[in-house]
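K.L.:
quick one, structure for this:
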Amino acid sequence: MSAEYEWRHLSLIGEWAANRWESPNIVDAGGSRRDLTVNGFYLEGRYKLRPGWFAGGRYSGLRYGTIGDGGPSDRGVNWDWDVDRYEFGTGYWFTDEILVKVTAQVNAIDDSGDDDDSILGSQLTVRF
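P.N.:
Modelled structure (predicted):
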């Protein structure tokens, strides 16, 4: 499912998707088969600041479903770590063919024990 909204210099876009995988090898404590599920989404905004200049941001995530832990209580646990991503940046169109962008991205992975990843980037796009 997706939605888009534009008003003057503002553009908003969002999307949500659900996936389910069947597996004969994943069962709960009672022996019933369980499916793997995940929901993914994003919300993106872009604003035109001046002719040629724009700024934008994006929030996206993955939410994993639960499966039984295999113990006697069959406690539900996520089958993978949930992920959140935040991205923001700015860009400038020098001409219709030349775009320069600078962005920052932060990735947050729940309970993984790993440090969150951050990325700074720049991009030059030339169309010909």
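
K.L.:
quick one: mean pLDDT over stretch 57-64.
P.N.:
In this model, stretch 57-64 has an average pLDDT of 96.

K.L.:
please list the outside residues in contact with that stretch.
P.N.:
The contact list for stretch 57-64, computed with C-beta atoms under 8 Å, 6 or more residues apart in numbering, reads 36-45, 78-89. (Glycine included, C-beta is placed from N, CA and C.)

K.L.:
what lies in contact with the longest strand along the chain?
P.N.:
Across the chain, the longest stretch assigned as strand under DSSP state E is strand 36-50. Strand 36-50 has contacts (C-beta under 8 Å, 6+ apart) with 9-21, 23, 26, 54-65, 67, 79-80, 90.

K.L.:
swap in stretch 102-111?
P.N.:
With contact meaning C-beta under 8 Å, 6+ apart, stretch 102-111 is reached by 81-91, 116-123.

K.L.:
going on from whichever strand or helix holds residue 106, what's the next piece of helix or strand?
P.N.:
Using DSSP states H and E, residue 106 sits in strand 98-109. Per DSSP H and E, the first helix or strand lying C-terminal to strand 98-109 is strand 117-126.

K.L.:
chain center to that following strand, what's the gap?
P.N.:
Distance, stretch centre to chain centre, for strand 117-126: 17 Å (C-alpha atoms, centre = their mean, to the nearest Å).

K.L.:
for this structure, which spans come out with low pLDDT?
P.N.:
28-30, 69-74, 111-116 (pLDDT under 70).

K.L.:
run me through the strand neighbours of the strand holding residue 106, direction for each.
P.N.:
Counting by DSSP bridges, the strands paired with strand 98-109 are strand 83-93 (antiparallel), strand 117-126 (antiparallel).

K.L.:
restrict the shortest one to CA atoms and write it as PDB.
P.N.:
So the one you mean is strand 117-126. Written as PDB, here are the backbone C-alpha positions of strand 117-126 (Å, rounded to 0.1, in the frame of the first residue of the first chain):
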ATOM      1  CA  ASP A 117      25.700   2.400  11.900                       C
ATOM      2  CA  SER A 118      26.000   6.000  10.600                       C
ATOM      3  CA  ILE A 119      26.900   7.000   7.100                       C
ATOM      4  CA  LEU A 120      27.800  10.400   5.600                       C
ATOM      5  CA  GLY A 121      27.700  10.600   1.800                       C
ATOM      6  CA  SER A 122      27.900  12.900  -1.100                       C
ATOM      7  CA  GLN A 123      26.800  12.300  -4.700                       C
ATOM      8  CA  LEU A 124      27.400  13.900  -8.000                       C
ATOM      9  CA  THR A 125      24.900  12.900 -10.700                       C
ATOM     10  CA  VAL A 126      25.500  13.900 -14.400                       C
END
